[in-house]
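Q: Build me a structure from this.
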Amino acid sequence: MKYYHRAVLACLLPLVFLTGCVSIPKAIQGNAPLPQQDFTRVMNAPSLYVGQESRFGGKVVKVTNHDNVTRVELMVQPLDDGARPILGAASLGRLYADIPSFVDPAELTHQYVTVLGNIQRVTPGKIGDQNYTFLIISVTGYQRWHLTQQVMSPPMPMDPWLWYGPRYGRRGFIDPWWGYAMQGPMPVQTFLSE
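A: Have a look, this model is predicted:
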């Protein structure tokens, strides 16, 4: 009986380690248990959130370098459980993320990023000819995400003939001598990775 428990434990323990959980990169984890991520709530009453740690992400629209500060204009999108911007999600608004060092604009322009920092204030600005109120965040960490594409091959169907029977003209089935014949294009999944 003693060995039975060990055997069960030996089988279940690797499963615990293999079950993946989404982790947030260290650069954007922050010190607060739950940094502020609700951009709409912050923009409705920004003075209530001044000084609070926040985490926002989205697509970089413009990067401007000033003396010892790089200002990133970010089109904010909702974040998933891993603090990645959700691709295809509607814009929640825009903010300025001030990074306290030089960052090459070519490195960030039109890329997806998540920024972590303290909310400073709001400032008037323009998007094209339209007046807009931007939230300013003093960045303590940021993560640039890479747009990755992966071909999603469908599961192979069961061959009713196994290794014998008719071979020719049966498209879409496993054929041990001729391989797997696809019926159409394979879907491509696009996602953000570190």
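Q: contacts and neighbour counts: CA atoms only from here.
A: Noted.
Q: Let me know how buried the nearest residue to residue 153 once chain neighbours are set aside is, in neighbour terms.
A: Leaving aside its chain neighbours, residue 153 sits nearest to residue 186 (6.0 Å; criterion: C-alpha to C-alpha, 6 or more residues apart in numbering). The local packing of residue 186 (other C-alpha atoms under 10 Å) involves 11 other residues.
Q: The residue nearest the centre of the chain and residue 46: what is the separation?
A: With distances taken as C-alpha atoms, centre = their mean, the residue of the chain nearest its centroid is residue 84 (2.5 Å). Applying C-alpha to C-alpha, to the nearest Å, the value for residue 84 to residue 46 is 23 Å.
Q: Other residues contacting stretch 116-131?
A: 28-30, 46-47, 49-56, 132-142 (C-alpha atoms under 8 Å, 6 or more residues apart in numbering).
Q: I misspoke; the intended subject was stretch 33-49.
A: 52-56, 76, 79, 92-93, 119, 121-122, 135.
Q: so how far does that stretch reach from one end to the other?
A: End to end - C-alpha to C-alpha - stretch 33-49 spans 16 Å.
Q: Stretch 84-98 too?
A: So stretch 84-98: terminal residues 19 Å apart, C-alpha to C-alpha.
Q: isn't the residue nearest to residue 153 right up against residue 150?
A: No: with contact defined as C-alpha atoms under 8 Å, residue 186 and residue 150 do not form a contacting pair (10.2 Å).
Q: what's the longest strand in this protein?
A: Under DSSP state E, the strand in the chain containing the largest number of residues is strand 130-151.
Q: C-alpha coordinates for that one, PDB please?
A: This file holds the C-alpha atoms of strand 130-151, laid out as PDB (Å, rounded to 0.1, in the frame of the first residue of the first chain):
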ATOM      1  CA  GLN A 130      -8.800  66.800 -32.800                       C
ATOM      2  CA  ASN A 131      -8.200  67.900 -29.200                       C
ATOM      3  CA  TYR A 132      -7.600  65.000 -26.800                       C
ATOM      4  CA  THR A 133      -6.700  64.600 -23.100                       C
ATOM      5  CA  PHE A 134      -3.700  62.300 -22.600                       C
ATOM      6  CA  LEU A 135      -2.900  60.400 -19.500                       C
ATOM      7  CA  ILE A 136       0.800  60.600 -18.500                       C
ATOM      8  CA  ILE A 137       2.500  57.600 -16.900                       C
ATOM      9  CA  SER A 138       6.100  57.600 -15.500                       C
ATOM     10  CA  VAL A 139       7.300  54.200 -16.700                       C
ATOM     11  CA  THR A 140       9.200  51.900 -14.300                       C
ATOM     12  CA  GLY A 141       9.200  48.900 -16.700                       C
ATOM     13  CA  TYR A 142       8.000  47.900 -20.100                       C
ATOM     14  CA  GLN A 143       7.800  44.800 -22.200                       C
ATOM     15  CA  ARG A 144       7.900  44.800 -26.000                       C
ATOM     16  CA  TRP A 145       5.900  42.000 -27.500                       C
ATOM     17  CA  HIS A 146       6.700  40.200 -30.800                       C
ATOM     18  CA  LEU A 147       4.000  39.500 -33.200                       C
ATOM     19  CA  THR A 148       4.200  35.700 -33.900                       C
ATOM     20  CA  GLN A 149       2.300  33.600 -36.400                       C
ATOM     21  CA  GLN A 150       1.800  29.800 -36.200                       C
ATOM     22  CA  VAL A 151       0.300  27.400 -38.700                       C
END
